[in-house]
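A.B. asks: sequence and predicted model, in that order:
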Amino acid sequence: LGAELLLKAALGLAHGFGLPPLVIGLTVVALGTSIPEIATAVTSARKGHAEVGIGNIMGADILNICWVAGLSAVANPLPVERRLLFVMYPSMVVIVLAMLFMLRQGHRLSRVNGAILLSLYAVYVIVLLYAAPPEGL
């Protein structure tokens, strides 16, 4: 319910700022649909079962790429502008490799690692906004 309310409010704000649908999908909708994964990861980490959180995150990513994208593409092709492919895929590879490197160092994500990952996401959003500027500008 909380994710649903967050999603509706964020979509209203994003549309109000004139953000293109792709940017809304890659940021606002992704955040709204990731709230359950975030809650599960935080809760499992606090209870000493961080592996459940990591498994949940990785499993959700694989499910989204294979099942959600695959089924959506079967139902209707998913076109993406070429210039955005040069933003999204390299960003995804860099962020995943950074996380895997961090996990290999001591087999855990520390607070510093978390701050680095959040910073990488902030850079991704800034680059995305530059690659797909708001409508009407």
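C.D. replies: Sure thing, it's come through.

A.B. asks: gap between the spatially most central residue of the chain and R111?
C.D. replies: The residue at the geometric middle of the chain, judged as the C-alpha nearest the mean C-alpha position with Cα atoms, centre = their mean, is A30 (5.3 Å). Remark: distance between A30 and R111 (Cβ to Cβ, to the nearest Å) = 23 Å. (Each C-beta comes from the backbone N, C-alpha and C, glycine too.)

A.B. asks: before we move on, the earlier item: on the pLDDT front, check the residue nearest to the centre of the chain for me.
C.D. replies: According to the prediction, A30 has pLDDT 78.

A.B. asks: tell me which helix or strand H107 sits in.
C.D. replies: Taking DSSP states H and E as the criterion, no element holds H107; it sits outside all helices and strands.

A.B. asks: on that earlier part again, which residues touch the residue nearest to the centre of the chain?
C.D. replies: The contact partners of A30, taken as Cβ atoms under 8 Å, 6 or more residues apart in numbering, number zero.

A.B. asks: buried residues of the helix or strand containing it, list them for me.
C.D. replies: If you go by DSSP H and E, A30 is part of helix 30-46. Taking 16 or more other Cβ atoms under 10 Å as the basis for neighbour counts, the residues of helix 30-46 that come out buried are 32-34, 37, 40-41, 44-45.

A.B. asks: many thanks, have a good one.
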